[in-house]
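Peer 1: here you go, sequence then predicted model.
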Amino acid sequence: MQTDDMTRLMAFARHVGRPDTDPRDTAMRRGWLTRDGALTEDGRATLKSLAEQDHTRTVFRGNF
């Protein structure tokens with residue numbers, strides 16, 4: 001897994017997880033990472049989904 005992928009996944013895990021929970025734990029609980037820290041198929045799918053939404057975010061903010 002590339003560092004950028006891990007950074008994006010940890011940022012998303014931090015966003016959807018509890019404030020007092022390590023984002024790695026959140027990612028493992030959701031099946032995005034293995035215990036070794038390797039990206040799972042679900043983790044790759046999550047990153048792909050996030051990347052596909054990259055250009056749609058401004059619409060939801062009302063910046064159009």
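Peer 2: Happy to help now that I have it. Nothing here was measured: the structure is a model prediction, and the numbers come from that model.
Peer 1: from here on, contacts and neighbour counts on C-alpha atoms
Peer 2: Fine.
Peer 1: check which helix or strand covers the residue most central in space within the chain.
Peer 2: In the chain, the residue lying closest to the centroid (Cα atoms, centre = their mean) is Leu9, at 3.0 Å. Under the criterion of DSSP states H and E, Leu9 resides in helix 3-16.
Peer 1: list the helices and strands that helix packs on?
Peer 2: Helices and strands touching helix 3-16, by 3 or more Cα pairs under 8 Å, 6 or more residues apart in numbering; DSSP states H and E, are helix 23-29, helix 41-52.
Peer 1: dump those to a markdown table, plus distance to Gly17 and mean neighbour count.
Peer 2: Listed next are the helices and strands packed on helix 3-16 as a markdown table, based on distance: least, Cα to Cα, whole Å; neighbours: other Cα atoms under 10 Å:
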| stretch | distance to Gly17 | mean neighbour count |
| --- | --- | --- |
| helix 23-29 | 6 | 19 |
| helix 41-52 | 15 | 14 |
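Peer 1: confidence-wise, which of those helices is weakest overall?
Peer 2: Sorting the helices and strands packed on helix 3-16 by mean pLDDT places helix 41-52 lowest, at a mean of 92.
Peer 1: what distance separates that helix from the middle of the whole chain?
Peer 2: Averaging C-alpha positions (Cα atoms, centre = their mean, to the nearest Å) puts helix 41-52 7 Å from its chain's average.
Peer 1: from the middle of its chain, how far away would the helix holding Leu9 be?
Peer 2: With Cα atoms, centre = their mean, you get 4 Å for helix 3-16.
Peer 1: okay, angle between that helix and helix 41-52 too, please.
Peer 2: With axes from the mean of the first three to the mean of the last three Cα atoms, to 10 degrees as the basis, helix 3-16 and helix 41-52 are set at 90 degrees to each other.
Peer 1: which parts of helix 3-16 are buried?
Peer 2: Residues of helix 3-16 classed as buried: 6, 9-10, 12-14 (neighbour count, 16 or more other Cα atoms under 10 Å).
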